[in-house]
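Enquirer: sequence first, then the predicted structure, then my questions.
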Amino acid sequence: MKISNETKVGVLSIVALTILILGFNFLKGKDLFTKTRKIYAVFSDLGPLSKSNEVKINGYVIGTVYDLQARDKDISGIIATINLTKDVNIPADSKAYISSPLVGASFIAIEKGDSTALLKVGDTLQTRLDAGILDDVKAQLNPTLNKIRQVLDTLTLTLTGVNGVLTVEAKINLHQIFNNLNSATSSLASIVNPQTGALGKTLNNTEAITDNLKKNNEAITATIGNAKKASEKLAALDIQPTIDSLKQMVVTLKSFMSKLDNPNGTLGALVNDKTIYNKLKDAILGAEILIDDLKAHPKRYVNFSIFGKKDKGGYLNSPLAKDSLPSKE
């Protein structure tokens, strides 16, 4: 049997509409295929609670918020219809409250009571207000905020009193003090600046020196090793004979100097007596003249004649210049 296109379109439309209805109800927290039980709770303020939000006992999801309706025209309360999807026993004295966590959606939390009687379908839960995390924080901060306000009020009064007591000159001085503090703070900031500050440059120089030492570590180690070897060789040398020789030389030098200072000795007389010095100088000069004359007139001293010759004179009275002596033929 051939199915027409119109029939196919109709069937598909019905299926799509059914899926749409089921999906819409599922998103609203309604399950058309599951038998549900409904109970109620009346709240004075819903906060961020909305339909389809979860209902939990000890963190376990037992249902969803099915509907929210005002109790009267004055909205003296809002009736929340709770659709229980789990078969659980809820004591009759249990209380419901709206929990609003910092992260996530709000939900209705049921705090179980101790009663042996259980809630029945259509019963209404007792409710209470829950402060929430933000309200708890606010409640804890309120005393601190009040103290801060009191301190600020006291500080304002104090500054007002000080402003009334201080003279114009005192105010100027106080202003200068604050300016000096500001300048000192700026100077300190410039000093500790890692790029341009003196402290930063010093640290950079220290780091550069450390890097150089690290790079030259092998050379420094070798130098220290050489110095150590030289010290060991010097320690191994027997320098006592050298020291003894130096001591003997010092003794001899002292003896020579004592003789030189003694006017009764030959050296002392030569050094200290000017007459002996002059005579010795004249003797040396005469010897030098005699030697020069012998070189200039050798025949005068070695030429002999039987009949004799008259001495023509021409004796030297002073030494000849070194370049005036006759050359040998």
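Expert: Happy to help now that I have it. Numbers count the residues shown, from 1 in each chain.

Enquirer: per-residue pLDDT, G314?
Expert: G314 carries a pLDDT score of 63 in this model.

Enquirer: one more: K254?
Expert: 78.

Enquirer: and stretch 99-119, end to end?
Expert: Stretch 99-119 stretches 21 Å from its first residue to its last (C-alpha to C-alpha, to the nearest Å).

Enquirer: pull the residues that contact it.
Expert: Outside stretch 99-119, the residues that touch it by C-beta atoms under 8 Å, 6 or more residues apart in numbering are 39, 41, 47-50, 53-58, 62, 65, 80, 82, 89-98, 125, 128, 130, 132-134. The way it works is simple: take the backbone N, C-alpha and C, and place the C-beta from them, glycine included.

Enquirer: ditto for stretch 153-173
Expert: L174.

Enquirer: tell me the mean pLDDT for that stretch?
Expert: Model confidence over stretch 153-173, given as mean pLDDT, is 74.

Enquirer: swap in stretch 218-235?
Expert: 82.

Enquirer: report the buried residues of it.
Expert: By neighbour count on 16 or more other C-beta atoms under 10 Å, the buried set for stretch 218-235 is empty.

Enquirer: pLDDT weak spots in the stretch 1-150 of the chain?
Expert: Applying pLDDT under 70 to the stretch 1-150 of the chain picks out residues 1-2, 25-36, 131-141.

Enquirer: can we see that at 80?
Expert: 1-6, 8, 22-36, 102-103, 130-143, 145-146 (pLDDT under 80).

Enquirer: all helices for it, in order.
Expert: 5-27, 132-165 (DSSP state H, counting those that start in this stretch).

Enquirer: restricting to C-alpha, output the very next helix or strand once past the longest one in PDB.
Expert: Right, the one you point to is helix 132-165. For helix 132-165, the following helix or strand on the C-terminal side (DSSP states H and E) is helix 168-191. Extracted C-alpha coordinates of helix 168-191, given in PDB (Å, rounded to 0.1, in the frame of the first residue of the first chain):
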ATOM      1  CA  VAL A 168      48.900  79.800  59.700                       C
ATOM      2  CA  GLU A 169      52.700  79.300  60.200                       C
ATOM      3  CA  ALA A 170      52.100  75.800  61.700                       C
ATOM      4  CA  LYS A 171      49.900  74.900  58.700                       C
ATOM      5  CA  ILE A 172      52.600  76.100  56.300                       C
ATOM      6  CA  ASN A 173      55.300  74.100  58.200                       C
ATOM      7  CA  LEU A 174      53.000  71.000  58.200                       C
ATOM      8  CA  HIS A 175      52.500  71.400  54.500                       C
ATOM      9  CA  GLN A 176      56.300  71.700  54.000                       C
ATOM     10  CA  ILE A 177      56.800  68.500  56.000                       C
ATOM     11  CA  PHE A 178      54.400  66.600  53.700                       C
ATOM     12  CA  ASN A 179      56.200  68.100  50.700                       C
ATOM     13  CA  ASN A 180      59.500  66.900  52.100                       C
ATOM     14  CA  LEU A 181      58.100  63.500  52.700                       C
ATOM     15  CA  ASN A 182      56.900  63.400  49.200                       C
ATOM     16  CA  SER A 183      60.300  64.500  47.800                       C
ATOM     17  CA  ALA A 184      62.100  61.900  50.000                       C
ATOM     18  CA  THR A 185      59.700  59.200  48.800                       C
ATOM     19  CA  SER A 186      60.400  60.200  45.200                       C
ATOM     20  CA  SER A 187      64.200  60.300  45.800                       C
ATOM     21  CA  LEU A 188      64.000  56.900  47.400                       C
ATOM     22  CA  ALA A 189      62.000  55.500  44.500                       C
ATOM     23  CA  SER A 190      64.600  56.900  42.000                       C
ATOM     24  CA  ILE A 191      67.500  55.400  44.000                       C
END
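
Enquirer: and the next helix or strand past helix 168-191?
Expert: Going down the chain from helix 168-191, the next helix or strand is helix 198-215, by DSSP H and E.

Enquirer: what comes up buried for that next one?
Expert: Across helix 198-215, burial judged by 16+ other C-beta under 10 Å covers no residue at all.

Enquirer: same for that helix, what does it pack against?
Expert: The helices and strands touching helix 198-215, judged by 3 or more C-beta pairs under 8 Å, 6 or more residues apart in numbering; DSSP states H and E, number zero.

Enquirer: mean confidence score for it?
Expert: The model assigns helix 198-215 a mean pLDDT of 76.

Enquirer: could you check the angle helix 168-191 makes with that helix?
Expert: Interaxial angle of helix 198-215 relative to helix 168-191 (axes from the mean of the first three to the mean of the last three C-alpha atoms, to 10 degrees): 20 degrees.

Enquirer: what sits up against the next helix-or-strand element following helix 198-215?
Expert: Where DSSP H and E defines the elements, the next helix or strand beyond helix 198-215 is helix 217-236. Helix 217-236 is contacted by residues L213 when judged by C-beta under 8 Å, 6+ apart.
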